[in-house]
Each structure stands twice: as structure tokens, then as C-alpha cells.
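Engineer: model this:
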Amino acid sequence: MITQEFAKLWWKLSKDLRTHMEAELAPTLTEGQLTVLERLLASERDRMKPSDFIEYLATTPAAITTLLDRMEKSGLIARERDEKDRRIVWVLVTEKGRFECERGVQIRERFLQQYLSRISSHNQQLLVYLLGKVANA
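Structural biologist: Down below sits the predicted model:
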């Protein structure tokens with residue numbers, strides 16, 4: 001059945017990527033931390049509230065707080081209170097965080113390029129198109 005083959009291949013690709021990223025990012029960064037840094041740098045103001053990360057990390061507010069605590073302790077992010085409403089806490093990327101994000105993205109790019117180089121440029125575009133159709137259905 002095609003769904004079983006798809007599931008098997010998807011699992012293998014996901015596992016290979018996860019294993020590679022964990023090994024290459026360690027000890028200074030995790031995949032979750034990379035996601036936070038990427039989201040921060042992609043945001044319009046280069047800052048976000050902790051609750052904004054929930055949709056990207058699919059986890060609990062408590063887990064996000066723990067993740068952000070570790071990132072702040074490592075110097076990847078900084079937190080600051082909003083000037084107008086002291087109840088609001090903003091998360092910002094530090095220079096170290098920018099460097100680590102760039103390093104993480106390059107690691108992922110090289111890994112994915114290695115996989116995609118096995119097929120033609122046309123098939124790469126087709127693969128991305130088809131995955132987009134499946135993911136956004």
C-alpha cells in the first residue's frame with residue numbers, strides 16, 4: 001500500500017535529519033532552540049512574546065519557558081519587559097544567537113542538499129511542489 005511506503009520513507013528521512021541535526025548542533029544548540037532563533041529572526045520586529053512560540057514548537061507554555069530559560073542562560077536570547085506594559089516580556093536574539101542560528105541553518109542546508117543532490121533539479125522542484133500540496137491540503 002502506498003501509504004505504508006510513504007510513512008516508511010517519511011520516517012526514515014525525518015529520523016536521518018533529526019539524528020544529523022542533534023549530532024551537529026550539539027553541544028551549543030538544539031533543534032527546538034534553532035526553531036526559536038529562526039522564528040525570532042523572521043519576525044517583523046526581531047522580537048516575540050513567549051506565547052508566540054507555541055504554534056511553532058507544538059508544546060506547552062511551561063516547556064517553552066524552560067527552553068527560553070536555557071537559551072537565556074546560554075546567551076542565545078535576552079528577555080526584556082515592555083516599556084508600556086510591564087506584564088509583557090519580549091524575547092530577543094543576541095549576537096551569539098544570530099551566529100548559532102546561522103550555523104544551524106547551514107548545517108541543515110548542507111544535509112538537505114546532500115539528499116536532494118540525488119535527484120535532478122527538475123525533480124527537486126517537483127518534490128517540493130508535491131510536498132507543499134500534501135502539507136497544505
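Engineer: List the buried residues of stretch 65-79.
Structural biologist: 67-68, 71, 74, 76-77 (16 or more other CB atoms under 10 Å). (C-beta placed from N, C-alpha, C; glycine too.)
Engineer: And for stretch 87-98?
Structural biologist: Buried residues in stretch 87-98 (16+ other CB under 10 Å): 90-91, 93-94, 97.
Engineer: how far out from the middle of the chain is the helix or strand encompassing residue 56?
Structural biologist: Using DSSP states H and E, the element containing residue 56 is helix 54-57. Taking CA atoms, centre = their mean, to the nearest Å, one finds helix 54-57 lying 10 Å from the centre of the chain it belongs to.
Engineer: model confidence over the helix or strand immediately after it in the chain, on average?
Structural biologist: Sequence-wise, the next helix or strand downstream of helix 54-57 (DSSP H and E) is helix 61-73. For helix 61-73, mean pLDDT rounds to 97.
Engineer: which residue is nearest the middle of this structure?
Structural biologist: residue 35 (2.5 Å; CA atoms, centre = their mean).
Engineer: Quick one: list the elements packing against the worst-scoring helix or strand of the chain on mean pLDDT.
Structural biologist: Across the helices and strands of the chain, the lowest-confidence element by mean pLDDT, DSSP states H and E is helix 54-57, at a mean of 90. Judged by 3 or more CB pairs under 8 Å, 6 or more residues apart in numbering; DSSP states H and E, helix 54-57 is in contact with helix 31-42, helix 61-73.
Engineer: Dump those helices to TSV, plus distance to residue 120.
Structural biologist: Formatted as TSV, those follow (distance: least, CB to CB, whole Å):
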stretch	distance to residue 120
helix 31-42	29
helix 61-73	39
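Engineer: Residue 132: which of these is closest?
Structural biologist: Among the helices and strands packed on helix 54-57, the nearest to residue 132 by CB to CB is helix 31-42 (18.3 Å).
Engineer: and that closest one, which residues are buried?
Structural biologist: 32-40.
Engineer: How far off centre is whatever helix or strand comes next after that helix?
Structural biologist: Per DSSP H and E, the first helix or strand lying C-terminal to helix 31-42 is strand 47-48. The gap between where strand 47-48 is centred and where its chain is centred comes out at 15 Å by CA atoms, centre = their mean.
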